[in-house]
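Peer 1: A structural model of the following input is requested.
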Amino acid sequence: MPRIRIYQEDHIPSPMQKVWQAFADNPFALMGLWAVFCLLTLAVFGPWIAPFSPEQQDPLALLLPPSWDASGTVEHFLGTDDLGRDIFSRLLHGAHLTFGMALAIVLASLVVGFVIGSISGMMKGLKSSILSHLLDALLSIPSLLLAILVVAIMGPGLDNVFWAVGIALTPQFVRAIHQAVHEELQKDYVTAAKLDGANSIQVFWYVIMPNVWETVIIQTTLAISAAILDIAALGFLNLGAQAPSPEWGAMVSQGLDNLLTAPWTVTIPGVAILCSVLAINLVGDGLRSALSPIRN
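Peer 2: Residues are numbered from 1 along each chain as shown. Predicted coordinates for the structure are as follows:
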């Protein structure tokens, strides 16, 4: 039985409800969110969904076109490569190598960048100035170039890609959080909280951080798309995942020899990279638009 209300009270939504309502009003953001959920599902359950092993070769189905082509078959829905490996199965197995690894890298970079950026943002004077200039110098180097430099030192391989891309993305988190915390530290309400007797930890967590989460969320979405592109680029340059790995960037590189005769070996993994980056960017743009009214 529904609760009987004697007095008609206006329902005041919480800040989280306002953010979700503003986010849900954007159809492109919702579409991107559903795409991200699908990518997460494929990254977790892809190896169990795939009909074939990523390295299984079929000598009777070399360079078979996708099923919508007259020469294609339903058994190999997205066709095969020059070794007879099923592209659809390789995409599913590669989802956790490209998308899943990107999420893990961003999570690790976020934790390290949050700690360093928060501590440095609360500092003042010479220490804060030195760290700020050091971060500016690091950020002047593109993340992909910095990742290539790290891989050149550590050597190629998918394991080293985690450290390379993580090291390349961490300064971005440190800089964004450092700048946001440092700016909020100059506000009048922080001074008022200090005058009320709040210590540094209370000022940081209860006064500053509620106004910094927007920066953290937006920077995280930007970093995920950058991580996907960096992982795929390193795989394409044979500096990351090595053959016969089903990582999407490595699949594009492995299909270049058959670009003219079998373009689907390059375009299909390329479209997968494009769709994943586009979905993340749509979600990030929707979050940015939804959080702006709350901030203002």
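
Peer 1: can you give me the helices for the stretch 101-250 of the chain?
Peer 2: With DSSP state H, counting those that start in this stretch, the ranges of helices along the stretch 101-250 of the chain come out as 101-122, 126-139, 143-154, 158-184, 188-195, 200-202, 213-236, 248-254.

Peer 1: What helices and strands are in contact with the strand or helix carrying residue 37?
Peer 2: Element membership for residue 37 (DSSP states H and E) is helix 27-49. Helix 27-49 sits against helix 15-24, helix 87-95, helix 264-295, with contacts defined as 3 or more C-beta pairs under 8 Å, 6 or more residues apart in numbering; DSSP states H and E. For the C-beta atoms, the positions are set from N, CA and C on the backbone; glycine is no exception.

Peer 1: Pull out the buried positions in the first one.
Peer 2: Neighbour counts using 16 or more other C-beta atoms under 10 Å place 19, 22-23 of helix 15-24 among the buried residues.

Peer 1: so which of the residues you listed comes closest to residue 174?
Peer 2: The closest of the buried residues of helix 15-24 to residue 174 turns out to be residue 19 (C-beta to C-beta; 25.5 Å).

Peer 1: pLDDT score for that closest one?
Peer 2: Looking at residue 19, its pLDDT reads 83.

Peer 1: before we move on, what about residue 217?
Peer 2: Taking residue 217 on its own, its pLDDT is 88.

Peer 1: quick one, what contacts it?
Peer 2: Shown in contact with residue 217 (C-beta atoms under 8 Å, 6 or more residues apart in numbering): 287, 291.

Peer 1: now this structure, which segments are flagged as low pLDDT?
Peer 2: Within the chain, the stretches with pLDDT under 70 are 1-11, 126-128, 293-296.

Peer 1: would JSON lines of the helices and strands packed on helix 27-49 with distance to residue 110 be doable?
Peer 2: Below are the helices and strands packed on helix 27-49 laid out as JSON lines (distance: least, C-beta to C-beta, whole Å):
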{"stretch": "helix 15-24", "distance to residue 110": "19"}
{"stretch": "helix 87-95", "distance to residue 110": "21"}
{"stretch": "helix 264-295", "distance to residue 110": "14"}
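
Peer 1: for those, which one ends up most surrounded?
Peer 2: Each of these was scored by mean neighbour count; the highest is helix 87-95, a mean of 25, by mean count of other C-beta atoms under 10 Å.

Peer 1: just to revisit the earlier point, among the buried residues of helix 15-24, which one sits closest to residue 292?
Peer 2: So of the buried residues of helix 15-24, ranked by how close each gets to residue 292 (C-beta to C-beta), first place is residue 22, at 8.5 Å.

Peer 1: roughly how far apart are the closest one and residue 288?
Peer 2: Going from residue 22 to residue 288 by C-beta to C-beta, to the nearest Å gives 11 Å.

Peer 1: re the thing from before, just the CA atoms of the helix holding residue 37, as CSV, please.
Peer 2: Coordinates of each C-alpha in helix 27-49 appear next as CSV, following Å, rounded to 0.1, in the frame of the first residue of the first chain:
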residue,chain,number,x,y,z
PRO,A,27,20.7,10.8,-25.8
PHE,A,28,24.3,10.6,-27.1
ALA,A,29,25.6,10.3,-23.6
LEU,A,30,23.2,7.4,-22.9
MET,A,31,24.2,5.7,-26.1
GLY,A,32,27.8,6.0,-25.2
LEU,A,33,27.1,4.7,-21.7
TRP,A,34,25.3,1.6,-23.1
ALA,A,35,28.3,1.1,-25.5
VAL,A,36,30.7,1.2,-22.5
PHE,A,37,28.6,-1.4,-20.7
CYS,A,38,28.8,-3.6,-23.8
LEU,A,39,32.5,-3.2,-24.0
LEU,A,40,32.9,-4.0,-20.3
THR,A,41,30.8,-7.2,-20.8
LEU,A,42,32.9,-8.2,-23.8
ALA,A,43,36.1,-7.5,-21.8
VAL,A,44,35.0,-9.8,-19.0
PHE,A,45,33.1,-12.5,-20.9
GLY,A,46,34.6,-12.2,-24.3
PRO,A,47,36.8,-15.4,-24.1
TRP,A,48,33.8,-17.5,-23.1
ILE,A,49,31.5,-16.0,-25.8
